[in-house]
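Sharing a sequence plus its predicted fold:
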Protein chains: 2
Amino acid sequence: MISVVILGAGNVGLQLARAIYSVVDCELIQVYNRSEVEPSVLPEKVPFTSDLSALYKADVYLLAIPDDAILGFSSKLPFKGQLVAHTSGSAALEAIDKKNRGAVFYPLQTFSKESTPDFRSIPICIESRSQSDLETLKKLASSLSDTMVVLNSEERVKLHLAAVLVNNFSNHLYKAAADFLEENSLDFSLLRPLIGETANKIYTLSPEDAQTGPARRGDLDTIKKHLALLEESPYRELYQKLTESIQESYGKKL
Amino acid sequence: MISVVILGAGNVGLQLARAIYSVVDCELIQVYNRSEVEPSVLPEKVPFTSDLSALYKADVYLLAIPDDAILGFSSKLPFKGQLVAHTSGSAALEAIDKKNRGAVFYPLQTFSKESTPDFRSIPICIESRSQSDLETLKKLASSLSDTMVVLNSEERVKLHLAAVLVNNFSNHLYKAAADFLEENSLDFSLLRPLIGETANKIYTLSPEDAQTGPARRGDLDTIKKHLALLEESPYRELYQKLTESIQESYGKKL
């Protein structure tokens, strides 16, 4: 039984707390947050503290805090020689202050209060300084998820970059569509099934094979029509750049 | 009972054929395609022809052919005064040759051989020249789908533009991620749950509220790291433009 303390009760911390609480072979013994949190958001009966000096002893401390806070916060931990893993995609393992055994436990997913993704499907990327710590993190990861992968910090940063492309940037395109439709009094929710199927297709087709649309088939009439409709839009340049990038990828110049 | 002939047996035509065949209150009486198709891809016992002069008489003819073929093809139809609807997002109603009663029946979805989306969830956008044709198309659309919307050609083009943003362009970002990960010997399939959840979030959050990531929070260190990793990549400029667009949307300049 691996005992875990989670430090930070934002979206990542709370989802990790719920996931760890719900599996049998690890124990969530405490949640820390700088400020008080609504007791109702925490799993029932899990002790909470906002006092660093009151932290329990645990096998693993998981830091679910902003990247730029990792170094400062980890240096303030009132103990030494413990396994302390951050949960960031882009921070290096070295961001953990050296007085503890630094490690990484990065769940590759986007977390929000509104949605509870199935943790078993979330890849967990782990990294540590020693083989014995790696074994502990492997056990913890595989009790939570069906996909566990050991990556060094450089590999993890690259994976995180790719995650930015498919998550942050796709979501920004959803926003561009929502803004454009709103201006034109059309209903964004009409796009939901399309957005879902676009994401779903990657299970059966490579993104390359799944590509369709005016840019892919070199339909210049439609592209011109769209650019004219975007004349006043802040998203016009984005439309043009993405269209050019598709044309370049598939070997057709505009 | 509405009788339907489908003209064109590409992805859209075949998915429409299966959907119409499977509901009780309309009847798929024939499928036409310029060239022969594998009988196995058609619903069982549906007559097939590649001879225009052998078309059956039907209440509705649905053209599932490329946009730029609609005018030429519809002028070659060997009958007059019938209800002929194209299924395109961007072609105008006027693309149908005037000798028949032109209309539009546009299912807003991306279709592929590999995937059969649930037709009931697909919004169907309809347009016609007369109220009585509109009633026929409404009946057909609502027997296939839970979402039917009457749009004029201008509105439909705008919706199609938004569809390009969320479908073609998001898929291109998936390809950018796949290419980048492949070059770095990392596994694209690790991103699948993230891609799914990104799409799923729009059911509970507006894209604006769902936005996270380095550009949204003004994390310049991570953005610089990513741009350095993309130094040699064809997607570097796209990363930069999307980052700038996010910063502009949320009022933070780089």
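Yes, it's here.

List the contacts of the nearest residue to residue A:210 once chain neighbours are set aside.
Among residues not flanking residue A:210 along the chain, residue A:201 sits closest, at 4.7 Å (C-beta to C-beta, 6 or more residues apart in numbering or on different chains). Every residue, glycine included, has its C-beta placed from N, CA and C. Going by C-beta atoms under 8 Å, 6 or more residues apart in numbering or on different chains, residue A:201 touches A:210, B:110, B:112, B:114-115, B:171.

could those go into a markdown table alongside neighbour count?
Formatted as a markdown table, the contacts of residue A:201 follow (neighbours: other C-beta atoms under 10 Å in any protein chain shown):
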| residue | neighbour count |
| --- | --- |
| A:210 | 22 |
| B:110 | 24 |
| B:112 | 16 |
| B:114 | 12 |
| B:115 | 16 |
| B:171 | 26 |
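
for the stretch 1-150 of chain A, what spans make up the helices?
A:11-22, A:70-75, A:131-144 (DSSP state H, counting those that start in this stretch).

So which bits of the shortest one are buried?
If I follow you right, that is helix A:70-75. Residues of helix A:70-75 classed as buried by neighbour count (16 or more other C-beta atoms under 10 Å in any protein chain shown): A:70, A:73-74.

Repeat that for the first one.
If you call a residue buried by 16+ other C-beta under 10 Å, then helix A:11-22 has these buried ones: A:11-21.

Summarise which helices and strands that helix is packed against.
Applying 3 or more C-beta pairs under 8 Å, 6 or more residues apart in numbering or on different chains; DSSP states H and E, one finds that helix A:11-22 contacts strand A:2-7, strand A:26-32, strand A:101-107, helix A:131-144.

for the ones you listed, which one sits closest to chain B?
strand A:101-107 (9.6 Å; C-beta to the nearest C-beta).

Is any residue of the closest one near chain B?
No: applying C-beta under 8 Å from any C-beta of the partner chain, one finds strand A:101-107 out of contact with chain B, separated by at least 9.6 Å.

what is the mean pLDDT for that strand?
Per-region confidence: strand A:101-107 scores 98 on mean pLDDT.

show me where pLDDT drops low in chain A?
A:252-254 (pLDDT under 70).

which SSE is the residue located most distally from the centre of it in?
The centre of chain A is farthest from one residue, residue A:221, which by C-alpha atoms, centre = their mean lies 38.5 Å away. Element membership for residue A:221, per DSSP states H and E: helix A:220-229.

tell me the angle the helix or strand following that helix makes with helix B:236-249.
Going down the chain from helix A:220-229, the next helix or strand is helix A:236-249, by DSSP H and E. Put simply, helix A:236-249 runs at 160 degrees to helix B:236-249, going by axes from the mean of the first three to the mean of the last three C-alpha atoms, to 10 degrees.

does helix A:236-249 come close to chain B?
Yes: applying C-beta under 8 Å from any C-beta, one finds that helix A:236-249 is in contact with chain B at A:237-239, A:241-242, A:245-246, A:248-249.

in that helix, what's buried?
Buried, per 16+ other C-beta under 10 Å, within helix A:236-249: A:238-243, A:245-247, A:249.

Kindly report the same for stretch A:32-51.
A:32-33, A:37, A:42, A:46, A:49.

Of those residues, which is the nearest to residue A:181?
Taking C-beta to C-beta as the measure, residue A:181 lies nearest residue A:37 of these, at 36.6 Å.

And that closest one, how far from chain B?
20 Å (C-beta to the nearest C-beta, to the nearest Å).

Report the contact partners of that residue.
A:9, A:31, A:48.

overlap between those and the residues near chain B?
Within the contacts of residue A:37, nothing lies near chain B by C-beta under 8 Å from any C-beta.

could I get those residues as TSV with distance to residue A:58?
Shown next, in TSV, are the contacts of residue A:37 (distance: C-beta to C-beta, whole Å):
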residue	distance to residue A:58
A:9	16
A:31	11
A:48	14
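
what about stretch A:94-106, how long is it end to end?
15 Å (C-alpha to C-alpha, to the nearest Å).

so how far is it off the chain centroid?
19 Å (C-alpha atoms, centre = their mean, to the nearest Å).

Pull out the buried positions in it.
A:95-97, A:100-106.

List of residues touching it?
A:60-63, A:67, A:70-71, A:74-75, A:77, A:79-89, A:91, A:93, A:124-130, A:133, A:137, A:140-141, A:153, A:156, A:160.

Narrow the residues you listed to those in strands?
Among the contacts of stretch A:94-106, DSSP state E puts A:60-63, A:83-86, A:124-128 in strands.

Specify which member of these is nearest to chain B.
Nearest member of the ones in strands among the contacts of stretch A:94-106 to chain B, counting by C-beta to the nearest C-beta, is residue A:125, at 8.0 Å.

Correct me if wrong: that closest one contacts residue A:156.
Yes: if you go by C-beta atoms under 8 Å, residue A:125 and residue A:156 touch, sitting 5.5 Å apart.
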